[in-house]
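below is the sequence, then the predicted model.
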Amino acid sequence: MTSLIAWTGVDSRAPASFYFASDSRISTANGLKWDWARKVFASSRYSDILGYCGDVLFTSQLIAQIVDTIDAGAIFEGISDVESKFALIAGAVKRAHADYPFAVPRRPEFTIIHGSRRGCDMKTSYALFELTWNESGGWTEKEISVPRNSEVVATYGSGKASLSRSVDCWQKSDVGGTSRSVFSAFCDSLEAKRDPFSGGPPQIVGLFRRGAAESVGVIYGGQAYLAGLPVAEFPHLDGVEWRNELFERCDWRTKERLKSAQRHARPRKVPKP
């Protein structure tokens, strides 16, 4: 299971960013857990991000394949409208699922989300699509309206109730209605451990006003992580944007806020978990 959240960031002019964040934990039926699983994905060539909750094996394997195929130019070349992009992704998922063998009596359900961008620069807007499969209802597809202000767009997974509780607390503070308050709430939800199926470091992917999607590094618990992977021994990470639990821009080496970055203080009315 999972804690998965999508939210928008808006500056004084217009929508500026669109993010997915998730935890890094997968669990087994007998209680084992592993906190190194990748759950959100960014195209390095196109303005598209994906994430999932539910059935881990099928979704994680297939999304990684789809993103690699997208980046090879084999899927989206010559396609600009987000509806067609989502249709191609959904078609690939459905074809793969038709041949997927199930070793359990009940087929596990899942949801895959796809974020994309319409336009660029000051004409930017963002799109969110959702593809769900479960045994009782089969396939469902829908587009979710993305607001033009900084707020949560959607939450998913076993950690949804915990996320809502933390988000509500931050929204009532003096920094409510900001992009950074959403990610700080997400980190608080993980740290509170209210959902035993969510854990490990957060991972983030994002879209911005121009260019391809990006994976954002996270400083969490004094350690640096990228896509849920500890990166202490990797030497070439200066091209990655790094954020801490308060969504401050950071230096991945020192784990400290960049001197040029805006300081984000934790509101007094938001207690630590």
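Structure's in. What do you need?

ok, the spatially closest residue to Pro267 that is not a sequence neighbour - contacts?
Using C-beta to C-beta, 6 or more residues apart in numbering and skipping residues adjacent in sequence, the residue nearest Pro267 is Ser173, 3.8 Å away. For glycine as for every other residue, the C-beta is placed from the backbone atoms N, C-alpha and C. Listed by C-beta atoms under 8 Å, 6 or more residues apart in numbering, the contact set of Ser173 reads Ser181, Pro267, Lys269, Val270.

do the same with Cys53
Neighbours of Cys53 in contact, by C-beta under 8 Å, 6+ apart: Met1, Thr2, Leu4, Ser22, Lys39, Phe110, Thr111, Tyr156, Gly157, Ser158.

Val67 too?
Taking C-beta under 8 Å, 6+ apart, one finds Phe41, Ala42, Ser43, Leu50 in contact with Val67.

if we use 6 Å, what do you get?
Shown in contact with Val67 (C-beta atoms under 6 Å, 6 or more residues apart in numbering): Phe41, Ser43.

did I read that right, it in a strand?
No. With DSSP: H, G, I helix; E, B strand; the rest coil as the criterion, Val67 is helix rather than part of a strand.

just the ones of the contacts of Cys53 in strands?
Secondary structure defined by DSSP state E assigns Leu4, Ser22, Phe110, Thr111, Tyr156 of the contacts of Cys53 to strands.

what's the closest non-adjacent residue to the third one?
Leaving aside its sequence neighbours, Phe110 sits nearest to Gly54 (C-beta to C-beta, 6+ apart; 3.1 Å).

tell me, how many neighbours does the one you found end up with?
Using other C-beta atoms under 10 Å, Gly54 is surrounded by 20 other residues.

could you pull up phi and psi at it?
With angles defined as degrees, to the nearest 10, Gly54 sits at phi 100, psi -140.

mind listing what it touches?
Residues near Gly54 by C-beta under 6 Å, 6+ apart: Glu109, Phe110, Thr111.

for the last one, give its distance to Lys33.
Remark: distance between Thr111 and Lys33 (C-beta to C-beta, to the nearest Å) = 21 Å.

can you tell me the helix or strand for Ala154?
Element membership of Ala154, judged by DSSP states H and E, is strand 152-156.

which residues sit against that strand?
Residues from elsewhere that reach strand 152-156 (C-beta under 6 Å, 6+ apart): Leu4, Ile5, Ala6, Trp7, Cys53, Thr111, Leu128, Ile144, Val146, Leu163, Val167, Val182.

just stretch 250-258 next, same as before
Contacts of stretch 250-258 (C-beta under 6 Å, 6+ apart): Gly217, Ile219, Gly222, Ala224, Leu237, Trp242, Asn244, Glu248, Arg249.

apply 10 Å and report the result again.
Identification of contacts with stretch 250-258 by C-beta atoms under 10 Å, 6 or more residues apart in numbering yields 217-226, 231-232, 234, 237-238, 240-244, 246, 248-249, 259, 261, 263-264.
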